[in-house]
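A.B. asks: Quick one, structure for this:
(one chain, ligands or ions: 2)
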Amino acid sequence: MKILVIGSGGREHALLWAMSQSDKDSTAADAPALYCHPGSAATSLLTLPSGLEKRASWEELAGFAARQKIDLTVCGPEAPLADGVADLFRQRGLAFLGPGQAAAQLESSKVFAKEFMARHGIPTARFEVFDDFAGAERFLAKPPFGYPLVVKADGLAAGKGVAVCPDRPTAREFLEKVMGQRIFGESGGRVVIEECLQGEELSCIALCDGLDFLCLPPAQDHKRLRDGDLGPNTGGMGAYSWDGIFPGELLREVESRILLPTLSGMAEEGNRYNGFLYAGIMVTAGGPMVLEYNVRLGDPETQPILMRLRGSPVEALARAAGGGLRGARLDWRPDPAVCVVAAAEGYPEQPAKGDRITGLEEAGEFADVQVFHSGTGRGPRGWETAGGRVLGVTARGGSLRLASRQAYQALERIRFRGMHFRRDIAARGLAREA
Ligand code: AMP
Ligand code: GLY
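C.D. replies: Ligands and ions are numbered 1, 2, ... in the order given. Predicted structure coming up:
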């Protein structure tokens, strides 16, 4: 089987690593041939060269997949999906896991997502949509749900288009940047202003074939830069996956009140959803509510989630892409996993690049540890930093405490100039496990 993964970060590195794990009754001859585009120096250790330029267009990539007779393409990031890469592949008869452009609006347009949830009674914060600055500003004078409230740019903004605003001046200032100065470009043509929800935030990801779905184990991300959830928002400074995050009854509620109505609502509207569906959930006093949808696997949530998988995900992914997920299985270990992100100096504002990384081999020698590469490259002196989030050191253990200890011990072996990381990844779970 030939598989192409689109992307180049830690999530894609973890996905390729999981795909290269063998099933218990498979032989070496069953191992899939893996390709990754644009890929990275780290993913290239697991894949065959595609010969494509990094900047190849989606048409060129689909041409490559057709020539190579790729059996399955899986997309990591949201931007290619919002661009319509899935439609392009499917038009050429190529199996693809990921939503088409219309369904990818669940992530690429907050207005689409909120109005969809309202149409289908999916629990989410109360909201109002504005396409003019004056109207939005008037609303801020007397919002029916009061302050704090949340202002969201409609379109993709690399995770920066959302501000939780404690008062009217803060909200007005963010609104001015989004709609007035258009700091996120056309993404700021419309905004959603919504009620601020209180509770604990969880990531729930499901593999979907258009009608059926299979839930992955739950995860919790750590978006803020510093310990104690302080500092600016980042792409995610670490995540852990542990069944204790989600008592069984809550999982059933998320499935029945959120995932199922999302899939059936999309299908009813003639916009079937195929791919990974990520629901960012706030567990409020009134039950789980959707903060946002992502149309892909989370990064870094994927890293600890896939550390818990027994065998390879390939068959289930192929069945989901082909619309035949029913009866497919993913076999998860009960053992939790923890991923700590090592970030570059200056991240998230202006990450430094080109710093030499040492200790990767020693870190990788720890039992049940994988070091996934998010932003690294190969220079004349070996591995070096090449992105804001550099590495995701991920460990699995018999308890959350053991997994966390193992991840931090492995991380201690790694050094690069300006390296920083959070020391409290999984703290909420650890407090509950104790
Ligand atoms: P989003 O890009 O929509 O995921 O928002 C980014 C982050 O903002 C989320 O992970 C939450 O921490 C926070 N957030 C978004 N919407 C709300 C809300 N309605 N209430 C509270 N926090 C929110
Ligand atoms: N870790 C959050 C995300 O992938 O959007």
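A.B. asks: And for the nearest residue to Cys75 once chain neighbours are set aside, the neighbour number?
C.D. replies: Closest residue in space to Cys75, ignoring its immediate chain neighbours: Gly98 at 3.9 Å, by C-beta to C-beta, 6 or more residues apart in numbering. (Glycine included, C-beta is placed from N, CA and C.) Look at Gly98: counted by other C-beta atoms under 10 Å, it has 27 neighbours.
A.B. asks: measure the residue of the stretch 301-434 of the chain found nearest ligand 2 to Ala363 for me?
C.D. replies: Using C-beta to the nearest ligand atom, Glu301 is the residue of the stretch 301-434 of the chain that sits closest to ligand 2, at 5.6 Å. Glu301 sits 21 Å away from Ala363, going by C-beta to C-beta, to the nearest Å.
A.B. asks: In terms of packing, which of those two has more residues around it?
C.D. replies: Glu301 (29 against 22).
A.B. asks: I'd like to know how many residues surround whatever residue of the chain ends up closest to ligand 1.
C.D. replies: As assessed by C-beta to the nearest ligand atom, ligand 1 sits closest to Glu292 within the chain, at 3.4 Å. Per other C-beta under 10 Å, the neighbour tally for Glu292 reads 18.
A.B. asks: contacting residues around it?
C.D. replies: Glu107, Lys110, Ala113, Ala279, Gly280 (C-beta atoms under 8 Å, 6 or more residues apart in numbering).
A.B. asks: For Ala171, pull up the helix or strand it's in.
C.D. replies: helix 168-175 (DSSP states H and E).
A.B. asks: do Ala158 as well
C.D. replies: Element membership for Ala158 (DSSP H and E) is empty, with no helix or strand holding it.
A.B. asks: Check it and give its pLDDT.
C.D. replies: Note for Ala158: predicted pLDDT of 79.
A.B. asks: what does Leu97 give?
C.D. replies: The model's pLDDT for Leu97 equals 98.
A.B. asks: same check, this time on the one 5 residues further on
C.D. replies: pLDDT recorded at Ala102 is 98.
A.B. asks: my guess is it contacts Glu269, does it?
C.D. replies: No. At 9.2 Å, Ala102 does not count as touching Glu269 under the criterion of C-beta atoms under 8 Å.
A.B. asks: Heading C-terminal from the helix holding Ala171, find the next helix or strand.
C.D. replies: Downstream of helix 168-175, the next assigned helix or strand under DSSP H and E is strand 191-195.
A.B. asks: how about that following strand as PDB, C-alpha atoms only?
C.D. replies: Provided in PDB are the C-alpha atoms of strand 191-195 (Å, rounded to 0.1, in the frame of the first residue of the first chain):
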ATOM      1  CA  VAL A 191     -16.600  38.600  13.200                       C
ATOM      2  CA  VAL A 192     -18.400  36.400  15.700                       C
ATOM      3  CA  ILE A 193     -18.900  37.900  19.100                       C
ATOM      4  CA  GLU A 194     -19.800  35.300  21.700                       C
ATOM      5  CA  GLU A 195     -20.500  34.500  25.300                       C
END
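A.B. asks: Toward the C-terminus, what is the element adjacent to that strand?
C.D. replies: On the C-terminal side of strand 191-195, the closest following helix or strand by DSSP H and E is strand 200-210.
A.B. asks: What residues does the chain have near ligand 2?
C.D. replies: The chain comes close to ligand 2 at residues Asp221, Gly236, Asn294, Gly298, Asp299, Glu301, as judged by C-beta under 6 Å from any ligand atom.
A.B. asks: Next, the last one: phi, psi?
C.D. replies: So the one you mean is Glu301. Backbone torsions for Glu301, taken as degrees, to the nearest 10, come to phi -60, psi -40.
A.B. asks: same thing with the fifth one?
C.D. replies: With angles defined as degrees, to the nearest 10, Asp299 shows backbone torsions of phi -130, psi 110.
A.B. asks: if I pick it, what's in contact with it?
C.D. replies: So Asp299 contacts Gly9, Gly10, Arg11, Gly76, Gly235, Gly236, Ser374 (C-beta under 8 Å, 6+ apart).
A.B. asks: Is it correct that the fourth one is in contact with Leu15?
C.D. replies: Yes. With the criterion set as C-beta under 8 Å, Gly76 and Leu15 qualify as a contacting pair; they are 6.7 Å apart.
A.B. asks: Mutual contacts of those two, please.
C.D. replies: Val5, Leu297.
A.B. asks: Contact partners for the residue most central in space within the chain?
C.D. replies: Nearest residue to the geometric centre of the chain (C-alpha atoms, centre = their mean): Gly298, 1.4 Å. Going by C-beta under 8 Å, 6+ apart, Gly298 touches Arg11, Ser203, Ile205, Ala219, Asp221, Gly236, Ala239, Tyr278.
A.B. asks: if we can go back for a sec, just the CA trace of the helix holding Ala171, in PDB.
C.D. replies: Only the C-alpha atoms of helix 168-175 are listed here, as PDB (Å, rounded to 0.1, in the frame of the first residue of the first chain):
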ATOM      1  CA  ARG A 168     -15.300  46.800  26.400                       C
ATOM      2  CA  PRO A 169     -12.000  48.600  25.700                       C
ATOM      3  CA  THR A 170     -10.100  45.300  25.200                       C
ATOM      4  CA  ALA A 171     -12.900  44.000  22.900                       C
ATOM      5  CA  ARG A 172     -13.000  47.300  21.000                       C
ATOM      6  CA  GLU A 173      -9.200  47.300  20.500                       C
ATOM      7  CA  PHE A 174      -9.200  43.700  19.200                       C
ATOM      8  CA  LEU A 175     -12.200  44.500  16.900                       C
END
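A.B. asks: So which residues make contact with that helix?
C.D. replies: So helix 168-175 is in contact with Phe133, Ala136, Glu137, Leu140, Ala141, Tyr147, Leu149, Val151, Ala163, Cys165, Val191, Ile193, going by C-beta under 8 Å, 6+ apart.
A.B. asks: For the residues you listed, pick the one with the most neighbours.
C.D. replies: Among the contacts of helix 168-175, the one with the most neighbours (other C-beta under 10 Å) is Val191, at 28 neighbours.
A.B. asks: show me what contacts the closest residue to it other than its chain neighbours?
C.D. replies: Leaving aside its chain neighbours, Val191 sits nearest to Phe130 (5.4 Å; criterion: C-beta to C-beta, 6+ apart). Each residue near Phe130 by C-beta under 8 Å, 6+ apart is listed here: Ala136, Phe139, Arg190, Val191, Ile193.
A.B. asks: just those now: which is nearest Trp58?
C.D. replies: Taking C-beta to C-beta as the measure, Trp58 lies nearest Arg190 of the contacts of Phe130, at 26.0 Å.
A.B. asks: I figured the closest one hits Asp131, correct?
C.D. replies: Yes. Using C-beta under 8 Å, Arg190 makes contact with Asp131 at a distance of 4.7 Å.
A.B. asks: the more surrounded of those two?
C.D. replies: Set side by side, Arg190 and Asp131 show more neighbours around Arg190, with 20 against 12, by other C-beta under 10 Å.
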